[in-house]
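> Can you look at this prediction? I've put the sequence above it.
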Amino acid sequence: MISRLSVSIVRACLREGTGGSPTAVLDEVPLSDDERCRVPVLAGTSHAVFVAVRGSEVSLRFFTAGGELPACGHGTVAALAFLAARAGGSEYQGVLRAAGRSFAG
């Protein structure tokens, strides 16, 4: 199932238009945590963020090959860029939820 996922690679936190941290960004899908840990490996990134839009709130889950992270700055920025692109703009504002707390993004 992992091989059929739609994955976007977002280079989060560019400096002067270069570099950044390549992040795998995916819509929420029914995967086990072990499968989620394989996504960054298969995508060639250090981490992945799974994005679930539920009404006006967006839930984020962050994974590396070693397991789930409670929070991830690069993953959060990548998720916001992913959501903005999907909305057809260069900005996205909303309520994000990660690690059991909600915050403006």
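Structure's in. What do you need?

> what ranges do the strands span in the protein?
Secondary structure of the chain by DSSP state E: the strands cover 8-12, 21-27, 47-54, 57-64, 67-69, 95-98, 101-104.

> so the nearest residue to residue 8 once chain neighbours are set aside bridges to which residues?
Distances taken as C-beta to C-beta, 6 or more residues apart in numbering put residue 25 closest to residue 8, at 4.7 Å, once the chain neighbours are dropped. (Each C-beta comes from the backbone N, C-alpha and C, glycine too.) Per DSSP bridges, the residues bridged to residue 25 are residue 8, residue 49.

> Just give the number of residues close to residue 25.
26 (other C-beta atoms under 10 Å).

> same check, this time on residue 69
There are 16 residues near residue 69, going by other C-beta under 10 Å.

> Just name the shakiest helix or strand of this protein by mean pLDDT.
strand 101-104 (a mean of 86; mean pLDDT, DSSP states H and E).

> for it, packing partners?
If you count contacts as 3 or more C-beta pairs under 8 Å, 6 or more residues apart in numbering; DSSP states H and E, strand 101-104 packs onto strand 95-98.

> Partner strands of the strand it packs on and their direction?
When DSSP bridges is applied, strand 95-98 pairs with strand 57-64 (parallel), strand 101-104 (antiparallel).
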